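Asks: Fold the following and give me the result.
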Amino acid sequence: MSKPQHVWDQPDIRDIDTAGMASPTLVLAAYGTRPPAARATVDSIVMAVRRQRPALPVRLAHLDLQSPRLDEVVGKSDVVVPLLLARGQRIGVDLGRLGATVARHLGADDRLVGLASRRLDEAGALPSDDIVMVCAGSRDPQARLDIDSAARKLAKLRHTRITTATTSTAHEVVEAQRRRGRVAVASWLVATGAASDEVTGCRADAIAAPLGLSVELVDTVLDRYDEALVQLVQRLA
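Replies: I've put the predicted structure just below:
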């Protein structure tokens, strides 16, 4: 794996204090979901980000289904970190309308790919299993690139075959792969919810949980914020 990028690889963000600027609010942008379990996971991620960076103002907002909505809470001085594993219209268009600084989405970060591999181990997947990596569906070609990148990294990490599927096609893809032998499902999703529930009944030999609350996810969120903050300071300099 390539070395993950940390804040100490960048200009020191503490320079903001010497410039007389307060740290911009980190607004974590989640899709929004109805299932209570998914809401609880996202809330726990927000609380963990606050614990990791106590002096940083952190707020949660949603793209859909839940309140508060992004356009209700985001100010132009805020930094929005998309809690999304793939690009797409939501980042390119919806977030672009806010006028705030928008950080990179989570994407196929090496730490998250490693976390997905660990979730497979926790679910009882064997090193020799073929893997079906299940993600949320998207028609956006940029999202497809992100998903393919995550699949390639996971295949390299586990030295095995990876096939991708959406939550709606997971049952069909798993059945096709079972003709070759054992199959495990990697859930390339942030939280348990309606999307992950679609996968539960498929006949895989092991079904990994979504990424969920983890050190890896919290560190990635904060790195995305720090990266965007450095760019913001450089623009204002």
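
Asks: helices and strands around whatever helix or strand residue 223 lives in, which ones?
Replies: Residue 223 is located in helix 215-236, with elements delineated by DSSP states H and E. Using 3 or more CB pairs under 8 Å, 6 or more residues apart in numbering; DSSP states H and E as the contact test, the elements touching helix 215-236 are helix 15-18, strand 26-30, helix 36-52, strand 79-82, strand 101-102, helix 110-122. Every C-beta, even on glycine, is put in place using the N, C-alpha and C of the backbone.

Asks: May I see the ones you listed organised as a markdown table, with mean pLDDT, mean neighbour count and distance to residue 187 added?
Replies: Shown next, in a markdown table, are the helices and strands packed on helix 215-236 (pLDDT from 0 to 100; neighbours: other CB atoms under 10 Å; distance: least, CB to CB, whole Å):
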| stretch | mean pLDDT | mean neighbour count | distance to residue 187 |
| --- | --- | --- | --- |
| helix 15-18 | 44 | 12 | 37 |
| strand 26-30 | 94 | 25 | 17 |
| helix 36-52 | 93 | 17 | 12 |
| strand 79-82 | 94 | 26 | 19 |
| strand 101-102 | 90 | 20 | 26 |
| helix 110-122 | 98 | 20 | 7 |
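
Asks: so which of the ones you listed comes closest to residue 222?
Replies: Comparison of the helices and strands packed on helix 215-236 against residue 222 by CB to CB identifies helix 36-52 as nearest, at 6.3 Å.

Asks: Which elements pack onto that closest one?
Replies: strand 26-30, strand 58-62, helix 215-236.

Asks: Now render the ones you listed as a markdown table, adding distance to residue 128.
Replies: Listed next are the helices and strands packed on helix 36-52 as a markdown table, based on distance: least, CB to CB, whole Å:
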| stretch | distance to residue 128 |
| --- | --- |
| strand 26-30 | 36 |
| strand 58-62 | 40 |
| helix 215-236 | 25 |
